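[1] Please find the sequence and the predicted model below.
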Amino acid sequence: MESYESVVIGAGQAGLSASYHLRRLGVRHVVLDAEPRPGGAWQHRWDSLTMQDVHGVADLPDGLAPGGSGERANQAVPTWFSAYEATHDLPVIRPVKVASVTSVGDLLAVTSADGRTWLTRTIVNATGTWTRPFVPRYPGAETFLGEQVHTHDYPGAEHFRGKRVLVVGGGASAVQFLGELAPVTSVLWATRREPVWRSDFDASRGREAVAMVAERVEAGLPPASVVSVTGLSLRPQEQEAARLGVYERRRPMFTRIEPHGVSWSGPLADGETAYEPVDAILWATGFRPAVTHLAPLRLRSEHGGIPLLRGSADVQTAVTAAYDSRVQLVGYGPSASTIGASRAGRAAALAVRRELEAGLEAGPGDGSGDGPVRSRRDQPIASAPASAGS
């Protein structure tokens, strides 16, 4: 079986950036992508999301991102990714859904759900979060007779016309959904925390947000929402919903889901009722990192996160798994943004080259079968991890 110097898992923004830099460094690699066509998670975004709606898409290396037009994001970005793959002759193989990554002596075996295997000296994991939508558990959820939909499957505002919709979540997606839904149907908004509104978001606040994520993951905790730092803002297309007072009528999280609505227990604010009837619940509650295929490598800390090593002051270039230096994670933790993913792609490629060079210097190993790799789950790298994610 042919072995590679590196295998990139995922062909979204982070995976394409990593592949570009690996090719420039002369690293023999392939990119395994679960999707049948280019576009990563963008091809699955809802039709009403335009390039004007997204919060900025960073350029790829040597590839300008599409501008903020009225074009649908689920068309513009996949078209851009497809052209980028072709222009730079990136070695993408699809569709390949990776089921597991295991250690086989000096090598890593990347195995697909249909039984194919690629052997490699290193991997760059760029699987993002889209395939792992998160819906919190609430008592009575299984008794609800209406429709429950996650952001992952949002069908557009027209689908909900004539229904009373409960939007759950305090992030930008929830604000966008309320902006679309309020002009066409009745809506209710519930969040765990009081929303933080800001109109002065700039680059410094962006750096604060990334630093906040890094601080949490340094302690091995799951990355928190950055909304508490960046704040929420309303775009022109959401002003009608604001005029209708939707954003002012936010309620705290309910305690139970009933067959035809939701209920609250405990003290209520003036004007609030203990029960609200709803026909549909839209869960804008985020996603979790798609890293279950890495479980056999035992990369997680006791806190449930995957610690990463930071090689510089830039937290977005922390990519090397602390418990196995053959593994790089991009678009993960502090690099989980389009600009962070692009930066992390270059950092991952450089880390791969260092790992390959160190392996050559170390030689074939001591005959134990462990080879030249310097880090394992039971023999972590000597320097302390600077960041971690869940």
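    Arrived safely, thanks for sending. Numbering: from 1, shown residues only.

[2] Could you pull out the strands in the stretch 1-150 of the chain for me?
    3-4, 6-9, 29-32, 92-93, 98-104, 107-112, 117-120, 123-125, 147-150 (DSSP state E, counting those that start in this stretch).

[3] what comes up buried for the longest one?
    Okay, so that is strand 98-104. By neighbour count on 16 or more other Cβ atoms under 10 Å, the buried set for strand 98-104 is 98, 100, 101, 103. C-beta: built from backbone N, CA, C; applies to glycine.

[4] which residues does the third one form a beta bridge with?
    Spelled out, that is residue 101. Under DSSP bridges, the beta-bridge partners of residue 101 are residue 110.

[5] how close does it get to residue 141?
    33 Å (Cβ to Cβ, to the nearest Å).

[6] With the first one instead?
    Counting by Cβ to Cβ, the gap from residue 98 to residue 141 is 31 Å.

[7] same deal with the last one?
    Residue 103 sits 39 Å away from residue 141 when distances are taken as Cβ to Cβ.

[8] Distance from the chain centre to stretch 40-49, please.
    14 Å (Cα atoms, centre = their mean, to the nearest Å).

[9] hmm, who's touching it?
    Applying Cβ atoms under 8 Å, 6 or more residues apart in numbering, the contact partners of stretch 40-49 are 10-13, 15, 33, 35, 37, 72-74, 77-78, 81, 128-130, 152, 154-157, 176, 180.

[10] Flag every buried residue along that stretch.
    Of the residues in stretch 40-49, 40, 41, 42, 43, 45, 46, 48, 49 count as buried by neighbour count, 16+ other Cβ under 10 Å.

[11] Would you map the helices across the stretch 101-250 of the chain?
    Taking DSSP state H, counting those that start in this stretch, the helices of the stretch 101-250 of the chain run over residues 172-181, 203-218, 227-230, 239-243.

[12] mean pLDDT lowest for which of those?
    Ranked by mean pLDDT, those end with helix 227-230 in last place, scoring a mean of 57.

[13] in the chain, which ranges drop under the pLDDT threshold?
    199-231, 311-316, 334, 336, 362-390 (pLDDT under 70).

[14] in it, which helix has the most residues?
    helix 338-362 (DSSP state H).

[15] among the contacts of stretch 40-49, which ones are buried?
    Among the contacts of stretch 40-49, those classed as buried by 16+ other Cβ under 10 Å are 10-13, 15, 33, 35, 72-74, 77-78, 81, 128-130, 152, 154, 157, 176, 180.

[16] what's the neighbour count on residue 69?
    Counted by other Cβ atoms under 10 Å, the residues lying close to residue 69 total 11.
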